[in-house]
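In: Sequence plus the predicted model coming up.
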Amino acid sequence: MNEDLNCLLKRTPGIVWQWNGVIWEQVDFGDWTKMLTMVDSQTSIGVGKWARVCRGLYKGDIGYVSAVENWGGVSLLLVPRLQPPQPLRTSASKRKHGTAPPEPELFDPIAVRHNYGWDPVQQADSHYKCKNVVFKHGLIIKSFDLHSVSLNSIYMPTNLFYLLHRSHHPRLLASKFPWPLEWTFEEGE
């Protein structure tokens, strides 16, 4: 048990550890294959890095890693994609209809109250809670498991770049933003 192995075990989802180290227990044979999902300590996601969401409503969006969770996931600051309340479907329309995801836009409590009829509660300066979701400086905080995010090819669309800048979130302003996807420069420009 060297320091690198301890670091790897602490970052692996499902490994139980306390302040004094990893808790050792025998693993059932049926669980051995589940233990093969490991995190590379050289490319692990850490606070202050940028990650791309690979699944779900935010697929393709870039977010700032605000926390690494002890259950093995991460919390990202993202530009919200708020979905309006869905009308109740009748029994005649059982099939789901594919729809485009909502456009990203910064959280504005007044607009949310007016457009969606939701009642956001201010918890601190620029911090709101609405529908059991936390918003800080107009950005949503979402948790993802490590299989749902990637550090590869961290370029973002220009519209997300400007929305993240407009949020004026202190952590983002202090970080180095990824290049916008559309910014391509030739030699001499």
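Out: It's in.
In: C-alpha from now on. contacts and neighbour counts both.
Out: Fine.
In: And the residue nearest the centre of the chain, its phi and psi?
Out: What sits nearest the mean C-alpha location of the chain, by C-alpha atoms, centre = their mean, is residue 76, with 3.2 Å. Main-chain dihedrals, residue 76, degrees, to the nearest 10: phi -110, psi 150.
In: Over to residue 77?
Out: Dihedral angles phi and psi of residue 77 (degrees, to the nearest 10) take the values phi -90, psi 120.
In: any weak-confidence spans in this protein?
Out: For the chain, the stretches with pLDDT under 70 are 1, 13-24, 31-44, 85-98, 152-153.
In: Which residue ranges of it form helices?
Out: Secondary structure of the chain by DSSP state H: the helices cover 3-11, 109-116, 158-166, 170-173.
In: How about the contacts made by the residue nearest to the residue nearest to the centre of the chain when sequence neighbours are not counted?
Out: Take residue 76 and drop its neighbours on the chain: the residue closest to it by C-alpha to C-alpha, 6 or more residues apart in numbering is residue 65, 4.6 Å away. Residues in contact with residue 65 (C-alpha atoms under 8 Å, 6 or more residues apart in numbering) are 45-51, 74-77.
In: what do you get for residue 82?
Out: When the contact criterion is C-alpha under 8 Å, 6+ apart, the partners of residue 82 are 102, 104.
In: all numbers from here: first residue = 492
Out: All right, first residue 492 from here; so that's residue 573.
In: Any idea how many residues pack against residue 500?
Out: 19 (other C-alpha atoms under 10 Å).
In: what's the answer for the one 3 residues further on, then?
Out: Neighbourhood size, residue 503 [other C-alpha under 10 Å]: 21.
In: Who are the contact partners of residue 630?
Out: Counting by C-alpha under 8 Å, 6+ apart, residue 630 has contacts 568-571, 597-598, 655, 658.
In: Just list the residues touching residue 673, thanks.
Out: If you count contacts by C-alpha under 8 Å, 6+ apart, residue 673 has them with 648-649.
In: Look up how far residue 629 lies from it.
Out: Taking C-alpha to C-alpha, to the nearest Å as the measure, residue 673 falls 24 Å from residue 629.
In: Next, the distance between the ends of stretch 642-653.
Out: Span of stretch 642-653 from end to end, C-alpha to C-alpha: 20 Å.
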